[in-house]
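Trainee: next input, structure requested:
(one chain, ligands or ions: 1)
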Amino acid sequence: MLYLFDIDGTLVDTAGAGMASLKEATASLFGDEGPELNLAGSTDLAIVAQIHTHFGVESTRERFEEYIDLYLTRLDWNLSHGGFQGLVYDGVTDLLAKLAEHPDASIGLLTGNAKGGAASKMRHFGLSDHFSFGAFGCDHADRNQLGPIALARASALVGREFSPQETWVIGDTPKDIDCAHAIGARCLAVATGYFTTAQLAAHGADQVVESLAEASIWS
Ligand SMILES: [Mg+2]
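Mentor: The predicted model follows:
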């Protein structure tokens with residue numbers, strides 16, 4: 001089985017460090033904090049494009065990289081010095097440990113975070129060792145396009161193909177559910193983010209839990 005984890009709202013809560021870092025990067029590049037952003041389930045490519053559009057500049061790859069470099073500097077600082085408490089959600093550490101012991105389980109990331117931001121968050125919360133591959137918010141602006149990328153990287157790393165039927169996407173938003181179903185995978189939705197179990201179930205999640213402490217997908 002292949003398990004693809006979202007980060008924010010699913011594994012960890014950065015207590016606003018991500019949003020603060022975006023605002024700081026935007027302010028340093030454009031002079032103010034920019035538009036209201038809805039981060040839930042979005043990709044960094046889409047978020048930065050929205051910021052560029054707000055300020056009337058073309059959102060090129062070069063401008064994205066420039067923005068993300070600034071953002072990552074702010075994120076690293078905020079996570080380690082910024083007074084953002086943050087936490088790893090209940091059940092995450094145990095679930096990852098159980099999956100790591102399981103001979104047939106492969107674990108990766110499927111996140112809207114750019115690769116550097118994902119690495120920074122995983123490092124800060126001590127989860128880096130669990131994730132050797134992933135699909136990221138710098139790979140495509142459309143989250144629904146990240147599933148095939150994650151499957152291809154999993155296959156390259158593990159040395160065999162993974163079918164969508166043996167793949168779980170674990171996330172906290174309707175966009176995670178859509179992203180799972182876009183490749184024919186199942187979604188375990190967790191209500192540790194902004195959405196309730198009822199909202200996630202209504203959106204068609206294949207399994208819904210209050211926290212990953214309740215998850216039983218490894219069996
Ligand atoms: Mg999330």
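
Trainee: burial count for the closest residue to the ion within the chain?
Mentor: The chain approaches the ion most closely through G9 (3.7 Å), counting by Cβ to the ion. C-beta here means a position set from N, CA and C on the backbone, and glycine is covered the same way. A count of nearby residues for G9, using other Cβ atoms under 10 Å, gives 22.

Trainee: could you find the closest non-adjacent residue to it?
Mentor: G193 (2.6 Å; Cβ to Cβ, 6 or more residues apart in numbering).

Trainee: point out where this protein drops to low pLDDT.
Mentor: For the chain, the stretches with pLDDT under 70 are 217-219.

Trainee: just want the most central residue of it.
Mentor: T111 (2.6 Å; Cα atoms, centre = their mean).

Trainee: the strands in this protein, which residues?
Mentor: Using DSSP state E, the strands of the chain run over 2-5, 12-13, 87-88, 106-110, 134-135, 167-171, 186-190, 207-209.

Trainee: now render those strands as JSON lines, adding distance to the ion and mean neighbour count.
Mentor: Shown next, in JSON lines, are these (distance: least, Cβ to the ion, whole Å; neighbours: other Cβ atoms under 10 Å):
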{"stretch": "strand 2-5", "distance to the ion": "10", "mean neighbour count": "26"}
{"stretch": "strand 12-13", "distance to the ion": "10", "mean neighbour count": "20"}
{"stretch": "strand 87-88", "distance to the ion": "14", "mean neighbour count": "14"}
{"stretch": "strand 106-110", "distance to the ion": "10", "mean neighbour count": "24"}
{"stretch": "strand 134-135", "distance to the ion": "13", "mean neighbour count": "26"}
{"stretch": "strand 167-171", "distance to the ion": "6", "mean neighbour count": "27"}
{"stretch": "strand 186-190", "distance to the ion": "9", "mean neighbour count": "26"}
{"stretch": "strand 207-209", "distance to the ion": "14", "mean neighbour count": "19"}
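
Trainee: surely the residue nearest to the centre of the chain meets V12?
Mentor: No - at 10.8 Å, T111 and V12 do not qualify as touching, with contact defined as Cβ atoms under 8 Å.

Trainee: around the ion, pick out the residues from the chain.
Mentor: The chain comes close to the ion at residues D6, D8, G9, D172, as judged by Cβ under 5 Å from the ion.

Trainee: returning to that earlier point: my guess is the residue nearest to G9 contacts V12, does it?
Mentor: No - the criterion here is Cβ under 8 Å, and G193 misses it with V12 at 10.6 Å.

Trainee: give me the domain ranges for the chain.
Mentor: Domain assignment for the chain, taken from automatic domain parsing, gives 2-14+88-214, 17-81.

Trainee: among these, show me which one is buried the most.
Mentor: Across the domains of the chain, averaging neighbours per residue (mean count of other Cβ atoms under 10 Å) puts domain 2-14+88-214 on top, at a mean of 20.

Trainee: roughly how far does the closest residue to L45 other than its chain neighbours sit from F64?
Mentor: Nearest in space to L45, with sequence neighbours left out and distances taken as Cβ to Cβ, 6+ apart, is A141 at 3.9 Å. According to Cβ to Cβ, to the nearest Å, A141 and F64 sit 10 Å apart.

Trainee: which neighbours do those two share?
Mentor: L45, A49 (Cβ atoms under 8 Å, 6 or more residues apart in numbering).

Trainee: tabulate the strands of the chain in TSV, adding columns for distance to F30.
Mentor: Shown next, in TSV, are these (distance: least, Cβ to Cβ, whole Å):
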stretch	distance to F30
strand 2-5	32
strand 12-13	27
strand 87-88	31
strand 106-110	29
strand 134-135	29
strand 167-171	30
strand 186-190	35
strand 207-209	39
